[in-house]
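Participant: Compute the structure for the input listed below.
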Amino acid sequence: MTDMSKSRFASRSQGRRLPGYFELIEDELRRRGGGGGGAAKRPSSAKAVPRAGKHPGAASAFSRASGNNAVVVKVLSYGAGAASARNVLAYQSKEEKAHDQDGREVTDLRDAVRSWEREFGNRKGSQDILRLTYELENANRDDIARGLASLAEDGFRQSGDTDRTYAFSVSEGVKGGTRLQFALVIAHEKKDRSDRSSANRVPAEIGDVRAIDDRLDRALRDTGTTPVSRYPAEFSSGPKGLTATLHAMQRAGAEVTLSTKARIEERPGRSGRYELGEVRREVTTRDHKVLTAEGRTVGVLMQTRQSRDFMHLLLSGPANVDRGQFILAGRDFLREQFAGHRYAYAVHNRHDPDKHPHLHVIVALRDSNGKTLNPNIRDFTEWRVRFAEKARDRGIPIDRQKRIERAGPPPVKRWEWEMFRRMGATAPGNVVDKVMARVRDTPTAPKRQDARIRLEQSRRSVGRVIEMLEKIAKDRSAPSTARDLGHDLSVGLRREYQRLETAVQEGRDPIREKGEEHMLRSTPISAAQARAAKETLANTALSVAAKIANPSDRLIFEQATKIIGKVVGLQLDSRVAKNRDRAEAGKDKRASDSLETKSSTGRDHVAEQGVVNKSSSNRAVDQSRIARSNAEHDSSEKRPDRQRNQQRDREIPKSIKLRPPQEKDRDRGR
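Facilitator: Alright, predicted model coming up:
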């Protein structure tokens with residue numbers, strides 16, 4: 001596949017057609033070998049995969065292998081008003097009662113909603129829709145419509161401002177006059193849902209309102225309509241405010257005319273797409289439902305700045321965590337992080353061991369001092385770190401890594417998919433890189449210094465574990481069982497770590513790599529030998545951990561040695577059980593025939609000779625065998641000498657296995 005960062009500029013200069021979205025997908029499938037043409041060779045122009053030393057996959061592989069989960073602290077939604085707060089509080093309490101910042105149980109939902117509503121008393125709207133009302137004389141609806149259309153072609157705020165949505169209605173005014181209600185969207189209207197700019201927004205300042213009023217007054221007078229007076233300007237916020245404004249203009253049966261470039265592009269077999277067209281369309285109606293639908297269409301593309309009263313926060317943990325300690329860790333985090341803020345939290349999946357326990361938290365953004373919380377990506381990172389620290393203080397091993405720094409492609413939002421599908425290689429470079437990383441399933445490299453520090457910590461911890469095992473393997477004073485285990489585990493761990501680094505270098509996700517089996521000794525041992533080996537490993541790990549000064553490094557090393565201890569315990573217990581089974585089997589074992597053997601060749605030879613296995617557990621077979629043996633013993637004196645010689649020859653081994661010489665290289669130089 002062609003490197004997107006290069007083709008984004010080269011295609012323009014060479015006049016080649018830009019690749020489409022589905023063409024890139026098909027090319028990627030052919031590269032992987034899934035297309036009709038078979039596996040294609042990997043082009044040399046593809047981006048080089050980052051080295052393992054700079055990749056977080058190897059850094060988090062050992063933490064992932066130990067079962068640690070990445071901490072989940074994320075904002076599910078923001079809300080404004082008592083109705084939104086009621087919905088969140090009701091959802092919180094669907095499993096058990098919520099608790100507030102003082103530890104009190106929220107028993108009455110209505111009282112809680114009223115108390116939360118008092119927190120939102122000083123909230124200000126976003127001021128997205130400007131509403132002007134005039135009293136006119138000598139007014140005609142057609143003349144007013146013509147004047148507003150000419151103003152839309154020239155610009156409402158200034159020349160060139162021609163894409164704004166406006167609406168008007170004409171009704172009976174005071175003293176037999178005519179009342180004109182005019183609404184203008186002053187918020188930025190996006191070209192489509194992927195547009196994230198806000199340059200076309202008009203501030204709700206008195207100077208801007210006067211400028212719009214002057215241009216509107218001039219347009220009306222050019223059509224022969226004379227404004228007599230104007231009521232104070234009013235503002236509305238968000239899509240709901242636009243719909244409410246349209247409904248207010250429609251009262252008393254007045255017709256409302258909506259002029260906009262916002263439309264829904266119909267796509268066969270797919271959902272419609274909201275966008276700003278090139279040509280204006282007008283809708284004149286008295287129907288309440290039509291106004292609601294049109295207001296919703298315009299509101300989707302309106303870049304509102306609606307103020308937020310609270311946020312809905314989620315704290316989640318692994319399924320195999322201690323539920324009680326996890327809830328206490330979440331309580332400690334909320335109490336420290338949001339001191340001075342009003343909040344309430346409730347636990348979900350407390351008693352279901354197969355599901356992840358999590359806390360749903362509603363937090364007021366304004367604290368008791370009037371300071372408003374405006375969280376960003378740095379705040380989320382800090383919250384994850386602090387929550388992980390509280391969980392680790394409670395004995396819960398949680399990884400503090402960010403999702404973008406883990407060995408996996410970054411998440412792609414819907415508007416980024418839409419932008420890449422529409423623009424292809426000409427999309428912004430960061431969008432192209434994220435989409436193609438998702439298509440290729442390419443892990444991302446760490447982009448922050450904290451990720452590099454964690455990478456080095458994990459590398460040092462794995463190195464310390466390998467050095468500890470190798471030291472035990474070379475220590476002559478240690479028990480032989482501990483030396484054997486140290487050697488086998490150090491070799492296996494080194495090979496497994498090298499395999500994960502190779503996977504990262506080749507662009508594969510190390511989390512999805514299936515582990516390989518490494519050789520461990522299976523010879524039976526006694527319980528005393530197993531106990532001595534466990535004590536040797538535990539004492540060595542304690543001595544090594546005591547010498548580590550950095551607390552983070554010591555914690556990672558202790559987690560690693562805990563995993564090694566579990567592996568050693570399982571291995572030694574299986575060998576002790578095997579020794580116990582062999583001892584019990586040896587007590588009941590009978591004397592076997594000289595031809596009885598454990599090898600497959602020996603068993604075939606025994607079958608050919610017709611020798612019966614004397615250790616059978618079948619009583620009928622044993623009785624017949626004993627009777628036949630007694631009969632042969634009684635007639636042994638009458639047996640000919642030739643038959644005795646055949647029996648003697650049968651007892652002689654057929655082959656002899658020679659040992660190799662002790663000094664194999666003695667005569668090699670000749």
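Participant: Can you show me the strands along the stretch 351-500 of the chain?
Facilitator: Here the stretch 351-500 of the chain has its strands, by DSSP state E, counting those that start in this stretch, at 358-364, 398-399.
Participant: Tell me where the stretch 51-200 of the chain has helices.
Facilitator: 56-65, 82-92, 109-119, 141-154 (DSSP state H, counting those that start in this stretch).
Participant: about what we covered before: and among the strands of the stretch 351-500 of the chain, the most buried is which?
Facilitator: strand 358-364 (a mean of 23; mean count of other CB atoms under 10 Å). Placement of C-beta: from N, CA and C, glycine included.
Participant: okay, now residue 460: neighbour count?
Facilitator: 15 (other CB atoms under 10 Å).
Participant: show me what contacts it?
Facilitator: residue 553 (CB atoms under 8 Å, 6 or more residues apart in numbering).
Participant: Next: residue 336.
Facilitator: Shown in contact with residue 336 (CB under 8 Å, 6+ apart): 386, 390.
Participant: how far away is it from residue 386?
Facilitator: Relative to residue 386, residue 336 is positioned 7 Å away (CB to CB, to the nearest Å).
Participant: Also residue 224?
Facilitator: From residue 224 over to residue 386 the distance is 68 Å, taken as CB to CB.
Participant: Give me the contacts around the top strand by length along the chain.
Facilitator: Among the segments of the chain that qualify as a strand by DSSP state E, the longest is strand 270-285. Residues from elsewhere that reach strand 270-285 (CB under 8 Å, 6+ apart): 152, 163, 189-193, 255-267, 290-291, 294, 297, 300-301.
Participant: Restricted to helices, list those residues.
Facilitator: Residues from the contacts of strand 270-285 lying in helices, with DSSP state H as the criterion: 152, 290, 291, 294, 297, 300.
Participant: of those, the lowest pLDDT goes to which?
Facilitator: Across the ones in helices among the contacts of strand 270-285, the smallest pLDDT goes to residue 300, namely 89.
Participant: in stretch 488-501, what's buried?
Facilitator: 488, 489, 490, 491, 492, 493, 494, 496, 497, 500, 501 (16 or more other CB atoms under 10 Å).
Participant: repeat for stretch 334-343
Facilitator: 334, 337, 338, 341, 342, 343.
Participant: Among these, which pair sits farthest apart?
Facilitator: Greatest spatial distance among those (CB to CB): 337 and 342, at 13.6 Å.
Participant: what about residue 224 and residue 386, which has more around it?
Facilitator: Ranked by neighbour count (other CB under 10 Å), residue 224 and residue 386 place residue 386 first, with 17 against 11.
Participant: per-residue pLDDT, the more buried one?
Facilitator: 88.
Participant: which ones are touching it?
Facilitator: Taking CB under 8 Å, 6+ apart, one finds 333, 336, 337 in contact with residue 386.
Participant: buried sites along the particular helix or strand that has the second one in it?
Facilitator: When secondary structure is defined by DSSP states H and E, residue 336 falls within helix 323-337. When burial is assessed from 16+ other CB under 10 Å, helix 323-337 yields the following buried residues: 323, 326, 327, 328, 329, 330, 331, 332, 333, 334, 337.
Participant: Could you pull up the residues touching the last one?
Facilitator: With contact set as CB under 8 Å, 6+ apart, residue 337 has these partners: 383, 386.
Participant: What of the first one?
Facilitator: Under the criterion of CB under 8 Å, 6+ apart, the contact list for residue 323 reads 350, 351, 357.
Participant: can you check the third one too?
Facilitator: For residue 327, the contacting residues are 347, 350, 357, 359, by CB under 8 Å, 6+ apart.
Participant: could you say what helices and strands the single longest helix found in the chain packs with?
Facilitator: Counting residues, the longest helix in the chain under DSSP H turns out to be helix 551-587. With contacts defined as 3 or more CB pairs under 8 Å, 6 or more residues apart in numbering; DSSP states H and E, helix 551-587 has these neighbours: helix 56-65, helix 449-474, helix 480-505, helix 527-546.
Participant: So what's the gap between that helix and the chain middle?
Facilitator: 33 Å (CA atoms, centre = their mean, to the nearest Å).
Participant: cool, stretch 345-364 as well?
Facilitator: That offset, for stretch 345-364, works out to 18 Å (CA atoms, centre = their mean).
Participant: got it, and stretch 206-225?
Facilitator: Relative to the centre of its chain, stretch 206-225 is centred 53 Å away, using CA atoms, centre = their mean.
Participant: Then stretch 371-384?
Facilitator: Distance of stretch 371-384 from the chain centroid (CA atoms, centre = their mean) equals 19 Å.
Participant: and the end-to-end length of it?
Facilitator: In stretch 371-384, first residue to last residue: 22 Å (CA to CA, to the nearest Å).
Participant: Give the buried residues for it.
Facilitator: 373, 381, 383, 384.
Participant: which of those residues lies closest to residue 582?
Facilitator: Distance to residue 582 across these (CB to CB) is lowest for residue 384, with 52.3 Å.
Participant: low-confidence ranges in this structure?
Facilitator: Of all residues in the chain, those with pLDDT under 70 make up the ranges 1-71, 121-125, 306, 399-410, 441-452, 454-455, 504-515, 518-519, 586-626, 629-670.
Participant: Could you chop it up by domain?
Facilitator: 4-47+409-440, 69-122+308-396, 129-303, 449-585 (automatic domain parsing).
Participant: that older thread, now the helices of the stretch 51-200 of the chain in TSV, with distance to residue 283 and mean neighbour count?
Facilitator: Below are the helices of the stretch 51-200 of the chain laid out as TSV (distance: least, CB to CB, whole Å; neighbours: other CB atoms under 10 Å):
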stretch	distance to residue 283	mean neighbour count
helix 56-65	53	24
helix 82-92	29	18
helix 109-119	36	15
helix 141-154	13	16
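Participant: can you tell which of those is closest to residue 99?
Facilitator: Of the helices of the stretch 51-200 of the chain, nearest to residue 99 by CB to CB is helix 82-92, at 9.8 Å.
Participant: distance between that closest one and the chain's centre?
Facilitator: For helix 82-92 - counting by CA atoms, centre = their mean - the centre lies 26 Å from the chain centre.
Participant: And stretch 343-356, end to end?
Facilitator: End to end - CA to CA - stretch 343-356 spans 22 Å.
Participant: And the contacts of it?
Facilitator: Counting by CB under 8 Å, 6+ apart, 89, 92-101, 106, 112, 316-320, 323, 327, 330-331, 334, 357-364 sit against stretch 343-356.
Participant: what comes up buried for it?
Facilitator: Counting neighbours by 16+ other CB under 10 Å, stretch 343-356 gives 343, 344, 345, 346, 347, 348, 349, 350, 356 as buried.
Participant: As CSV, the contacts of residue 323 with distance to residue 431 would be great.
Facilitator: Output for the contacts of residue 323, formatted as CSV (distance: CB to CB, whole Å):
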residue, distance to residue 431
350, 41
351, 43
357, 36
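Participant: and which of those is nearest residue 425?
Facilitator: residue 357 (44.8 Å).
Participant: ok, and the closest non-adjacent residue to the closest one?
Facilitator: Of all residues beyond its chain neighbours, the one nearest residue 357 is residue 349 (4.8 Å), with distances taken as CB to CB, 6 or more residues apart in numbering.
Participant: How about the backbone phi and psi for the one you found?
Facilitator: Dihedral angles of residue 349 (phi, psi; degrees, to the nearest 10) stand at phi 60, psi 40.
Participant: For residue 247, give me its contacts.
Facilitator: 288, 291, 292.
Participant: List buried residues within the residues you listed.
Facilitator: Members of those classed as buried by 16+ other CB under 10 Å are residue 291.
Participant: can you put the contacts of residue 247 in JSON lines and add distance to residue 462?
Facilitator: Below are the contacts of residue 247 laid out as JSON lines (distance: CB to CB, whole Å):
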{"residue": "288", "distance to residue 462": "68"}
{"residue": "291", "distance to residue 462": "65"}
{"residue": "292", "distance to residue 462": "61"}
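Participant: Setting aside sequence neighbours, what's the nearest residue to residue 239?
Facilitator: residue 299 (2.6 Å).
Participant: if I read this right, the one you found contacts residue 246, doesn't it?
Facilitator: No - applying CB atoms under 8 Å, one finds residue 299 not in contact with residue 246, separated by 10.5 Å.
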